[in-house]
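K.L.:
Output the structure for:
(chains A, B and C)
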Amino acid sequence: MELEFKVNDKAYSLEVDPESRLLDVLREELGLTGAKEGCGEGECGACTVIMDDLAVNSCLVLASQARGKEILTVEGLAANGELDRMQQAFIDNGAIQCGFCTPGMLMSAKALLLREPNPTEEEIRTALAGNLCRCTGYVNIVNAVKDAASAEETEGSV
Amino acid sequence: MTEDKRMYGHADDLAQPNELKYVGHNVPLHDAVAKATGKIQYTGDMEFPGMLYVKILFSPLAHARIKKIDASAALALPGVVAVFTHANTPETLYNSQVWFAGQEARADERLFCDTVRFVGDRVAAVVATDKKTAAKAVSLIKVEYEVLPALFDPEEALTENAIEIHPGGSPFFEKEFGCGITSETFNKAELIVEDRVETPKIHHAAMETHVCIAIPDYSGKITIYTPCQILYSVRLVVAKVLRLPYNKVRILKTPMGGSFGGKQEVTIEPLAAFFAQATGKPVKIEYNRQESIISTRTRTRTIGYVRTAVDKNGKILAREVKAIVDTGAYTSNGSVVSMAMGKKIFRLYRIENQVFRVQAVHTNTPVAGAARGYGSPQIHAITEINLDHVANRLGLDPVEFRLRNLVHPYDQDLSGGPSLGNARIIDCVEEGAKLFRWQERRAQANGNGSGRFRRGVGMACATHSNGYFGAFQDFTTMTLRMLEDGSMILNSGIHELGCGTVTTMKQIIAEVIDINPDRIEAPEGDTETSPYDVGSQSSRVTHICGAGALKTAHKVKEIFQREAAKILGCEPEDVVMHAEIVWAKSKPEEKMTYGEMARAIQRKNRMEIIATETYQAADNPGSYGANFVEVEVDTLTGLVRVIDLLAVHDVGKAINPGFVKGQIYGGVQMGIGLALSEDLRIDPKNGKVKGDSFARYHLINAPDMPLVNVLLIEKGGDLGPFGAKSIGEIATCPTAPAVVNAVNQALGTNLTTLPLTPERILAALRE
Amino acid sequence: MMPEFQVSCPQSLAELGAEVSRLEGEVLFLSGGTDLILELRSGQRRADWLIDISQVPELQYIKVESRLNGLLKIGSGVTFTQLSSNALVWENAQCLAQAGKQMGSTQIRNRATLGGNIASASPAGDSLPALVALEAEVTVEGPGGARTLAVAEMLADTENALKARELVTEIAVPFAEPRVERRSAFVKIGSRTQVSIARLSLAAVVELENGIIRKLRLAVGALGKAPLRLENLERDWNGQPVRPEMAAELAQRLTETVDKAIPGRQSQAYKRQAVQALAYDIFAELFPEQGLSQGGGGNDRR
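P.N.:
Next comes the predicted model:
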């Protein structure tokens, strides 16, 4: 079936298998392998992308449900070659170890700041509750999100 | 030896931190940008032309003989290239954990066996042109089984009439070792405290599931892309199963999406390699989460019986520790992990009379293997929970009790192991207690014991190794060269697991050569081009490989100075190397870049700046750690909230403090999981894993992760680079017992079966 | 392996109706998909056609209607994120907003819908005790026309359950009578603080007039197929002033409810005790002026 949608600001019109999930289309059709499949059941968040400004598990969205939507993946965060503040904050705060959860974490964190530019620590932890990480104990990830949020506030823009 | 010590930075001549330019600094992970942008290619992200995909049929039964496999419907499906079973795959038996040629280990695994021994054992595999076809075809395979009796309980495995899962039955490994005379000492003791402590099978839970790709070529060579921990172990097993010479098996370490020991053993690589050989095509095997949980490796389930004898002053007179180690359906590392476990108990406290007895058994459950700590988290849970019980019975503060018994720097291992080195556990405990305000918080928590929410404060200590010295051969070989533009390449068999190994090596080299770490490339291992390395295991990498990098860098510096001296017309010791600029001490006005000098050396001296050095491990000091933790228990729901935790670690020297802390934070997360929630939960009726998904197997997530503070004790003193000792495994060892001890203080209980689920907590409160 | 199906994506209610009549074979409605996609992939369910209702804007509304004493009307396509961040829901059906907030992860709440939660009718479904306690009604539309019934009726009785091609379109929560103060709350116990299936949950709706309980509805989740009402207690407390001792009494009644609902079940020993926590938690939520902490007379969290 036909799927028209936007990914990282680029419009696509694709022929997709009705059974394909958004994750499958991103990874296999568009070659955007940043989103990962860590569990395939919406528990680990490694496949998180932003759909119309909201974080979603792309393993639990059928590709056809993305019709007309705007998808942002980790590859779109630094689309113009310059790292997004969230990416820079993850690097600067040592929030990345093996890196497999990182794309999903970044997208959940980014979605949080889209709706709440100045989140509390509790809000950060809630926003990341559906993203599992085995390396970092979330310590530096939470620090990175705080850091990115305060940088956004300082610069007064999102 | 004296000279060596100076070279490797002994405590006495440790440079002050501000004198070190790169070591001791938080240089970012070398591939952080690639990871943050999603550009890094993990194995699952890689595609090769003509690649085939595999779906494996796993046994639904815990123990059965396969009578018949009918794959005709699967084979008839368009897109199916082959179906493999025990009937058309090698009968070669192998052991998944051997890491060096000639290593003795019980070989009881096959690619596919005609008997399945646990729910999740491999029955057959479909190789197809796409994943969907492979999955569909697997569902069409019909298998007839003859069900065999099964056993799931490790203690049942030791009973007289227990079934034999492998010939000879259980225990398949038994050992006793120790020091002093325990039995007589027990008779003299003031107090003897006994406990039975049990730790569960857990899933490593790397976010990347198990995956690898095997590619055959026209010459019969098989190249394997795998996120592994030990390249040479993969080569060993694959070469054995495929009957290939070692130089026809090439293993390439790909980016690691987490391992924690879970990808240390060789599980899927020989399958992919054989399928690639048989079909002549690239083959990818990628497990889903359930498959990774049930069919790869787990931490051993371990049951410990501890008896500790003390005098009235709280001096430990003697201790007996008996461990039953459940490695599941195959032997895997059963004997090695059993021994590794036992050795730890002689390296933390001064106990003159102590014996360790271990029995390793098979059960019809998922296979255990390497898991962060390699037995340490299990044995420390067993002994440290018991020690709090002893302290309580003595009416002695647990910190004070431990301080009376902990080892001192440069103590000997009374069981005959290597010296403990500059063992700074007493510093960890003393400084940690101070920083945590232990006495105050412990007293306060304890006084608050009647309402619904009860607070408890607990602590525990642990020790872990620094490589294999004293047990197995341990060395590494590295080649370092400077290129004509002054940049450098380190060629070695290192494995980046996300801990920062590559960057750590760069920092060490950078410190010696005085070069920006970004100007050094340190590719990961490739068995065809890298020198030999023992692998990313046994907490050896920073201590041993780091020392190798240091030694090699010193050699390169020596060559560079020797050759530069000829160009500059001075003595080698007068060649100054500073921030990638070189000059003769006497002629500071004539400066050259490293690149200019490297080119001049090539042109005039006909020399390359290159050195290959082998570093042989010559020590194996203990790494030490103590965790202090406060918890709050909801006595109505049995849920435990970990409020905050202080982790104090004797790391010798932190080459990259940020990485060290990163290891600790993650280790704490894993340790809390072991204490409170993680358990495969094998169904005693049928051997099925109940916790076979992240919905049913709960890792600690962000809201439940406490504040973690870290204090590093950096006193050097051993042979690691700049005095560095290991952190990756020890990081998780003290956590679980510290949490359990805190819960036991909160509730006045003696809970000893991990994890402390709400059910277990409420049951204990009812008693 | 995912069995084969086709997907239809109507963009309006009219298109949706046409698709329901047009499509042949086994038809299932796909909303947030957070359960259904997994069930399809694991082979637990199969379909020839999925009709995706997540793209029908007419199913996504939250509004107040002045009919009767007033009604809160929620389109079945409203997500848990919308539910738990909507002022009308917090004002008029706090327990539903609280249930929405405690369901799953952010990513799940962004997709999962109230209609889907009702249609799945999982024993642990977080919205269900809240809807039962609120005496909410659902409108169901299907080939045989529309019907409206109480959520409790739909869940309790297989005869009332959703039939083939029937879709929950709207959820309506009636308001209390004028001048009656209504309070509600939802609490749950999972196996961790967030992102956990409820092992037990409890929703309460209480209507007060001058401090006297005029009406009380209590529904326990995760004890049976459908939420269990505590009808005896609801009756007993009717007309009584709120007293601090009620928390302990509720705890006792909840334990009895567990014993009756799951006698001999392995989880009984745990649940009969843990359910008491819900009593104290909900009491503290509903009646903060009683000064009872969650500790139930003991010490509170520091």
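
K.L.:
Tell me which residue of chain B lies closest to chain A.
P.N.:
As assessed by CB to the nearest CB, chain A sits closest to B:G38 within chain B, at 2.5 Å. From N, CA and C alone the C-beta is placed, and that goes for glycine too.

K.L.:
Pull the contacting residues for that residue.
P.N.:
A:L32, A:T33, A:G34, A:A35, A:T73, A:V74, A:E75, A:T102, A:P103 (CB atoms under 8 Å, 6 or more residues apart in numbering or on different chains).

K.L.:
Farthest-apart pair in those residues, please.
P.N.:
A:L32 and A:T102 (14.6 Å; CB to CB).

K.L.:
Between these two, which has more neighbouring residues?
P.N.:
Neighbour totals were compared for A:L32 and A:T102, and A:T102 leads with 32 against 22 (other CB atoms under 10 Å in any protein chain shown).

K.L.:
sorry, back to before: reformat the contacts of B:G38 as a markdown table; add distance to chain C.
P.N.:
Shown next, in a markdown table, are those (distance: CB to the nearest CB, whole Å):
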| residue | distance to chain C |
| --- | --- |
| A:L32 | 18 |
| A:T33 | 19 |
| A:G34 | 16 |
| A:A35 | 12 |
| A:T73 | 14 |
| A:V74 | 15 |
| A:E75 | 19 |
| A:T102 | 16 |
| A:P103 | 13 |
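
K.L.:
Among these, which are located in helices?
P.N.:
Mapping those onto helices (DSSP state H) picks out A:V74, A:E75, A:T102, A:P103.

K.L.:
Near chain B, list only the ones from the residues you listed.
P.N.:
Restricting the ones in helices among the contacts of B:G38 to those near chain B by CB under 8 Å from any CB of the partner chain leaves A:V74, A:E75, A:T102, A:P103.

K.L.:
Next to chain A, which bits of the stretch 1-150 of chain B? Give me the list.
P.N.:
Residues of the stretch 1-150 of chain B lying near chain A (CB under 8 Å from any CB): B:26, B:28-29, B:31-42, B:44-45.

K.L.:
Weed out the non-buried ones from those residues.
P.N.:
B:26, B:28-29, B:31-33, B:35-38, B:40, B:42, B:44-45 (16 or more other CB atoms under 10 Å in any protein chain shown).

K.L.:
need the contact list for the residue lying closest to A:M105 once chain neighbours are set aside.
P.N.:
Closest residue to A:M105 apart from its sequence neighbours, by CB to CB, 6 or more residues apart in numbering or on different chains: A:N131 at 5.0 Å. Going by CB under 8 Å, 6+ apart, A:N131 touches A:C44, A:G45, A:A46, A:T48, A:C101, A:G104, A:M105, A:S108, B:N701, B:A702, C:S105.

K.L.:
Just to be sure, which of those are found in strands?
P.N.:
Counting by DSSP state E, the contacts of A:N131 place A:T48 in strands.

K.L.:
As JSON lines, the contacts of A:N131 with neighbour count, pLDDT and distance to C:E245 would be great.
P.N.:
Formatted as JSON lines, those follow (neighbours: other CB atoms under 10 Å in any protein chain shown; pLDDT from 0 to 100; distance: CB to CB, whole Å):
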{"residue": "A:C44", "neighbour count": "30", "pLDDT": "98", "distance to C:E245": "45"}
{"residue": "A:G45", "neighbour count": "32", "pLDDT": "98", "distance to C:E245": "44"}
{"residue": "A:A46", "neighbour count": "27", "pLDDT": "98", "distance to C:E245": "49"}
{"residue": "A:T48", "neighbour count": "34", "pLDDT": "98", "distance to C:E245": "47"}
{"residue": "A:C101", "neighbour count": "33", "pLDDT": "98", "distance to C:E245": "49"}
{"residue": "A:G104", "neighbour count": "30", "pLDDT": "98", "distance to C:E245": "48"}
{"residue": "A:M105", "neighbour count": "31", "pLDDT": "98", "distance to C:E245": "47"}
{"residue": "A:S108", "neighbour count": "29", "pLDDT": "98", "distance to C:E245": "44"}
{"residue": "B:N701", "neighbour count": "26", "pLDDT": "98", "distance to C:E245": "37"}
{"residue": "B:A702", "neighbour count": "28", "pLDDT": "98", "distance to C:E245": "39"}
{"residue": "C:S105", "neighbour count": "28", "pLDDT": "98", "distance to C:E245": "38"}
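
K.L.:
surely C:L233 meets C:A219?
P.N.:
No. Contact between C:L233 and C:A219 fails when scored by CB atoms under 8 Å: they sit 11.5 Å apart.

K.L.:
measure B:E265 to B:S233 for me?
P.N.:
Separation of B:E265 from B:S233 (CB to CB, to the nearest Å): 8 Å.

K.L.:
oh sorry, the question was meant for C:N69
P.N.:
Here C:N69 is placed at a distance of 73 Å from B:S233 (CB to CB).

K.L.:
neighbour count winner among the two?
P.N.:
When C:N69 and B:S233 are compared for neighbours, B:S233 comes out ahead with 24 against 11, by other CB under 10 Å.

K.L.:
Confirm that one sits in a helix?
P.N.:
Yes. Checked against DSSP: H, G, I helix; E, B strand; the rest coil, B:S233 lies within a helix.

K.L.:
Could you pull up the residues touching it?
P.N.:
So B:S233 contacts B:Q97, B:V98, B:W99, B:F100, B:Q264, B:E265, B:V266, B:G535 (CB under 8 Å, 6+ apart).

K.L.:
coming back round to it: got any residues that touch both of B:E265 and B:S233?
P.N.:
With CB under 8 Å, 6+ apart, B:E265 and B:S233 have common neighbours B:Q97.

K.L.:
so what pLDDT did residue 139 get?
P.N.:
No chain in the question, so chain A it is. What the model reports for A:V139 is a pLDDT of 98.

K.L.:
try chain C instead
P.N.:
98.

K.L.:
same question, B:A73
P.N.:
98.

K.L.:
Grab the nearest non-local neighbour of it.
P.N.:
B:L140 (4.0 Å).

K.L.:
ok, how many other residues are close to that neighbour?
P.N.:
18.

K.L.:
can you pull the contacts of it?
P.N.:
B:L140 sits next to B:A71, B:A73, B:A74, B:L77 when contact means CB under 8 Å, 6+ apart.

K.L.:
quick one: the helices in the chain?
P.N.:
You didn't pick a chain, so chain A it is. A:22-24, A:74-77, A:85-92, A:102-115, A:121-127, A:139-155.

K.L.:
Can you look at chain C instead?
P.N.:
In chain C, the helices defined using DSSP H lie at C:13-22, C:36-42, C:80-84, C:87-92, C:94-101, C:106-111, C:114-120, C:127-133, C:151-156, C:231-236, C:246-261, C:268-286.

K.L.:
Close to chain C: what parts of chain B are there?
P.N.:
Within chain B, the residues that sit near chain C (CB under 8 Å from any CB) are B:132, B:135-136, B:138-139, B:448, B:450-453, B:455, B:632, B:634, B:636-639, B:641, B:677, B:695, B:698, B:700-701, B:703-704, B:758-759, B:762-763, B:766.

K.L.:
my read: A:L54 touches C:T81, true?
P.N.:
Yes. Under the criterion of CB under 8 Å, A:L54 makes contact with C:T81 at 7.1 Å.

K.L.:
So which of the two has more stuff around it?
P.N.:
C:T81 (22 against 18).

K.L.:
nearest residue to the more buried one other than its sequence neighbours?
P.N.:
Spatial nearest neighbour of C:T81, chain neighbours left out: C:R109 (4.5 Å); criterion: CB to CB, 6+ apart.

K.L.:
what's near enough to touch that neighbour?
P.N.:
C:T79, C:F80, C:T81, C:S84, C:G100, C:K101, C:M103.

K.L.:
ok, 7 Å please
P.N.:
C:T79, C:F80, C:T81, C:S84, C:G100, C:M103 (CB atoms under 7 Å, 6 or more residues apart in numbering or on different chains).
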